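In: starting from these lines, generate the structure:
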Amino acid sequence: MVIVTLQRQKCIGCNYCVEMAPHQFQMSKKDGKTVLLNTTEKKGFYTLKSNDYAILEACENASKACPVNIISVKIN
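Out: I've put the predicted structure just below:
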């Protein structure tokens, strides 16, 4: 299982994650911060759990590109 976590409140709105993984991330028109799609939220952390390993490379690239290091990707 691929687990992607986002600390959304620390997002600076640079859009790199959307460029790297457009099927998992999009920018909010409301506040200009990123949204990790299909997530559950707990204490400011948004988590996507997926059995689709095809998203792994794109999400890892998004994590590496993030200048504020608020995206983590793990395999469980």
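In: next SSE after the longest helix along the chain?
Out: Taking DSSP state H as the assignment, the helix of the chain that covers the most residues is helix 56-65. Next in sequence after helix 56-65, counting helices and strands by DSSP states H and E, comes strand 71-75.
In: got the contact list for the longest helix of the chain?
Out: Outside of helix 56-65, the residues within contact range by Cβ atoms under 8 Å, 6 or more residues apart in numbering are 2, 4, 16-17, 19-21, 23-25, 69, 71-73, 75. Using the backbone N, CA and C atoms, a C-beta is placed for each residue, glycine as well.
In: pLDDT wise, what is Cys66 at?
Out: Per-residue pLDDT puts Cys66 at 98.
In: surely it touches Tyr16?
Out: Yes. Under the criterion of Cβ atoms under 8 Å, Cys66 makes contact with Tyr16 at 6.1 Å.
In: contact partners for Arg8?
Out: Per Cβ under 8 Å, 6+ apart, neighbours of Arg8: Lys33, Thr34, Val35, Leu36, Gly44, Tyr46, Ile70.
In: and for the first one, the neighbour number?
Out: Read it as Lys33. When neighbours are defined as other Cβ atoms under 10 Å, Lys33 has 16 of them.
In: ranges for the strands of this structure?
Out: For the chain, the strands defined by DSSP state E cover 2-7, 25-27, 34-36, 40-42, 45-50, 71-75.
In: okay, these, which one's buried deepest?
Out: A comparison of the strands of the chain by mean neighbour count, using mean count of other Cβ atoms under 10 Å, puts strand 34-36 on top with a mean of 22.
In: pull up the pairing partners for it, direction included.
Out: strand 25-27 (antiparallel) (DSSP bridges).
In: before we move on, back to that, just the angle between the longest helix of the chain and strand 45-50, please?
Out: Angle between the axes of helix 56-65 and strand 45-50 is 160 degrees (criterion: axes from the mean of the first three to the mean of the last three Cα atoms, to 10 degrees).
In: burial check on Ile70, number of neighbours?
Out: Using other Cβ under 10 Å, Ile70 has 20 neighbouring residues.
In: tell me the contacts of the closest residue to it other than its chain neighbours?
Out: Closest residue in space to Ile70, ignoring its immediate chain neighbours: Gln7 at 4.2 Å, by Cβ to Cβ, 6 or more residues apart in numbering. Counting by Cβ under 8 Å, 6+ apart, Gln7 touches Gly44, Phe45, Tyr46, Ile70.
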